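Engineer: Based on what follows, work out the 3D shape:
(chains A, B, C and D)
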Number of protein chains: 2
Amino acid sequence: MSSLSKEIEQYLKELLSAANSGVLEIQRNMLSEYFHCVPSQINYVLSTRFTPAQGYLVESRRGGGGYVRIVSLQLDDDDDLETIINTGIGQKINERNGEGLLDYLHRQGLLTARESRLIGIILKDRVLGGVESKDGQRADMLKYLLAALSLEDY
Amino acid sequence: MSSLSKEIEQYLKELLSAANSGVLEIQRNMLSEYFHCVPSQINYVLSTRFTPAQGYLVESRRGGGGYVRIVSLQLDDDDDLETIINTGIGQKINERNGEGLLDYLHRQGLLTARESRLIGIILKDRVLGGVESKDGQRADMLKYLLAALSLEDY
DNA sequence: TCAGCAAAGGTCAGATATGGTCAAAAACTA
DNA sequence: TAGTTTTTGACCATATCTGACCTTTGCTGA
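Structural biologist: The predicted model follows:
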């Protein structure tokens, strides 16, 4: 007795592997009609089952020509990244640990020195000035960064 | 390419790179006839996709012999970067202009494609999720990035 | 000369098309 | 039963497209 959410999840994953580019672009309204559910159900599925920690990136646009794009990350041979995303960052990460992580990624050859420095700059407390939860925001950004790192290009 | 605006944008960018002078002069009415749309659609595309923040300047002239001229801005020295910091970004910058700016920096050879892409991901609305003023925060981050880029040792 | 017309392009508000958020209700599960 | 996950729906935000009306510039013929 799988739930609707599980069916939608599975459907999307099938479409994703069918499109062997690793990228799936679809319309939220089409999907919700197909599954006879409210549109927001799609958001629920996306936010619970297609997160960076689960190996996916989701992008979208509203308005005419709008879409939802799901990118499936290739975490195959470096599940190191997956481990970091899931256990190395957590809900929050402070400036010092964030820099440490970027430096670590550089030492592992996943970022160039310059990439590490440039990204480090925009993740500094001083730059995140106005944000309520700097550590939480930094954690989110690093997770997306890590997820994106496992992609060649799309 | 699901929306007309995207098609027009792409068409213009192709013409622009074909004319390697960095300048494209075209007539609004011709364009709107070519795309079977109302003339004001062209203005919409120009104002959303060819902004100074994205490295473009648009000039025009009415009346007989009128035209629209799109200029692809050339970054010559650090003064230009400073100009972008001060006037191209402003207090706020939306996701589209932010991505456009990163792309511009890449076109100008100041960022690699990868740097542009990685930074673009962490500056997305979706990633900035909880932040109260996403556009303001993005502006701050981009300014620090540009400031770093204008330093010699990077 | 200059009024008037033709030939561009500009503005703006409203309609249309998508997607997003959030909290409450319902359905599971332990 | 308590806690968690799923489902819904009311309300929100944003992108695109369209058309009515406006402004500027150049030309022409009295």
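Engineer: what about the lowest-mean-pLDDT helix or strand in chain A and chain B, touching?
Structural biologist: Sorted by mean pLDDT, DSSP states H and E, the helices and strands of chain A end with helix A:79-83, the least confident at a mean of 71. No. Helix A:79-83 lies out of reach of chain B by Cβ under 8 Å from any Cβ of the partner chain, never closer than 13.5 Å. Yep, even glycine has a C-beta here, placed from its N, CA and C like the rest.
Engineer: Could I get the buried residue list for that helix?
Structural biologist: Neighbour-count burial for helix A:79-83 flags A:81, A:82 (criterion: 16 or more other Cβ atoms under 10 Å in any protein chain shown).
Engineer: would you put the C-alpha positions of it in PDB?
Structural biologist: Below are the C-alpha coordinates for helix A:79-83, written out as PDB (Å, rounded to 0.1, in the frame of the first residue of the first chain):
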ATOM      1  CA  ASP A  79      30.300   8.600  -1.600                       C
ATOM      2  CA  ASP A  80      32.800  10.500   0.400                       C
ATOM      3  CA  LEU A  81      30.800  13.500  -0.700                       C
ATOM      4  CA  GLU A  82      27.600  11.900   0.400                       C
ATOM      5  CA  THR A  83      29.100  11.200   3.800                       C
END
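Engineer: Does the next helix or strand after it pack against any helices or strands, and if so which?
Structural biologist: Going down the chain from helix A:79-83, the next helix or strand is helix A:95-107, by DSSP states H and E. Under the contact definition 3 or more Cβ pairs under 8 Å, 6 or more residues apart in numbering or on different chains; DSSP states H and E, helix A:95-107 sits against helix A:113-122, helix A:134-149.
Engineer: Break chain A down into its domains, please.
Structural biologist: Split into domains by automatic domain parsing, chain A comes to A:4-72, A:79-149.
Engineer: List, one by one, the residues from chain A near chain B.
Structural biologist: So chain A meets chain B at A:57-60, A:64-65, A:67, A:114-115, A:117-119, A:121-122, A:124, A:127-133, A:136-137, A:140-142, A:144-145, A:148-149, A:153 (Cβ under 8 Å from any Cβ).
Engineer: The domains of chain A: which one's closest to DNA strand C?
Structural biologist: domain A:4-72 (3.1 Å; Cβ to the nearest atom of the strand).
Engineer: Quick one: distance of that closest one to the chain centre.
Structural biologist: Relative to the centre of its chain, domain A:4-72 is centred 13 Å away, using Cα atoms, centre = their mean, to the nearest Å.
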